[in-house]
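A.B. asks: no sequence on this one, just coordinates:
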């Protein structure tokens, strides 16, 4: 028997789906959706994305070593955006 998605309506009136393994254990649970249609779209998205999903193991030393570089790149990008915005504001004045 393959795994399956189970859609349920909770006590709050919102919908969630769970992905169950072949032995019936919950593997993943979704966020809460306001409508059943939204929950069904969530199932569709998980199905389409998971087939070719890559694995990113953030517990490795290699990933941790790259975290500093990613933070530095993000900070540089933010600084560049601020500089562009400041230049544009000065031009308007």
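C.D. replies: Received, thanks. Nothing here was measured: the structure is a model prediction, and the numbers come from that model. Numbering: from 1, shown residues only.
A.B. asks: pLDDT value on residue 57, please?
C.D. replies: Residue 57 is assigned a predicted lDDT (pLDDT) of 91.
A.B. asks: So residue 8 belongs to a helix, correct?
C.D. replies: No. Per DSSP: H, G, I helix; E, B strand; the rest coil, residue 8 lies outside any helix segment and is strand.
A.B. asks: element containing the closest residue to it other than its chain neighbours, please.
C.D. replies: Distances taken as CB to CB, 6 or more residues apart in numbering put residue 16 closest to residue 8, at 5.9 Å, once the chain neighbours are dropped. (Glycine included, C-beta is placed from N, CA and C.) In the assignment (DSSP states H and E), residue 16 maps to strand 15-20.
A.B. asks: ranges for the helices of this protein?
C.D. replies: In the chain, helices defined by DSSP state H lie at 36-50, 61-92, listed in chain order.
A.B. asks: among those helices, which gets the worst mean confidence?
C.D. replies: Ranked by mean pLDDT, those bottom out at helix 61-92, with a mean of 85.
A.B. asks: Tell me how far that helix lies from the chain's centre.
C.D. replies: Offset of helix 61-92 from its chain centre (CA atoms, centre = their mean, to the nearest Å): 22 Å.
A.B. asks: Isn't residue 18 up against residue 25?
C.D. replies: No. Here residue 18 lies out of contact with residue 25, judged by CB atoms under 8 Å, at a distance of 9.9 Å.
A.B. asks: Looking at the two, which one has more neighbours?
C.D. replies: residue 18 (15 against 10; other CB atoms under 10 Å).
A.B. asks: Just list whatever residues bridge to the more buried one.
C.D. replies: Per DSSP bridges, the residues bridged to residue 18 are residue 6, residue 29.
A.B. asks: do you know which of the helices of the chain lies nearest residue 12?
C.D. replies: helix 36-50 (13.2 Å; CB to CB).
A.B. asks: circling back: need the helices of the chain in JSON lines (columns: mean neighbour count).
C.D. replies: Putting those into JSON lines (neighbours: other CB atoms under 10 Å) gives the following:
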{"stretch": "helix 36-50", "mean neighbour count": "13"}
{"stretch": "helix 61-92", "mean neighbour count": "10"}
